[in-house]
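Enquirer: Generate a structure from the sequence data that follows.
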Amino acid sequence: MTIPRQGDIWWAEIESARRPVLVVTRSEAVPVLTGVVVAPVTRTIRSIPTEIRLGTDEGLSTECVANFDSLQRIRRAALTTKIGELGVRDSELCNALRMMSDC
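Expert: Residues are numbered from 1 along each chain as shown. Sure thing, here's the model as predicted:
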């Protein structure tokens, strides 16, 4: 199995549902943790600083966002299939975290 990395987008089995999530936990910590922090991906786009816009360039079928106001910890084993990644846009993850924490 591929080990998830910060900035990866994965399908996750959460609460009896399958949904895409963006991995937020730092890459170095993921292999030693049983849980990871993720930002759920949603089609509800509010155009606020705590969202990262995603779409076909990141492996998703439609325009959507990773919502940093709804961060959650999930079991790493809940991540089932890698969809895509932020790639060169990884700095947007740090910016969304700063906006979410207002510091």
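
Enquirer: What is the helix or strand that contains Arg19 packed up against?
Expert: Element membership of Arg19 [criterion: DSSP states H and E] is strand 17-23. Under the contact criterion of 3 or more Cβ pairs under 8 Å, 6 or more residues apart in numbering; DSSP states H and E, strand 17-23 touches strand 8-14, strand 35-42, strand 64-67, strand 79-85. (Glycine included, C-beta is placed from N, CA and C.)

Enquirer: Out of those, which gets nearest to Val21?
Expert: Taking Cβ to Cβ, strand 35-42 is the member of the helices and strands packed on strand 17-23 nearest to Val21, at 3.8 Å.

Enquirer: any idea which helix or strand comes after the closest one?
Expert: In N-to-C order, the element after strand 35-42 by DSSP H and E is strand 51-54.

Enquirer: list the buried ones in that following strand?
Expert: Glu51, Ile52, Leu54 (16 or more other Cβ atoms under 10 Å).

Enquirer: Centre of the chain to it, how far?
Expert: 10 Å (Cα atoms, centre = their mean, to the nearest Å).

Enquirer: Give me the neighbour count for the closest residue to Glu63 other than its chain neighbours.
Expert: Closest residue in space to Glu63, ignoring its immediate chain neighbours: Gly55 at 4.7 Å, by Cβ to Cβ, 6 or more residues apart in numbering. Number of residues near Gly55 (other Cβ atoms under 10 Å) recorded here: 13.

Enquirer: Tell me the spacing between Gly55 and Arg5.
Expert: 20 Å (Cβ to Cβ, to the nearest Å).
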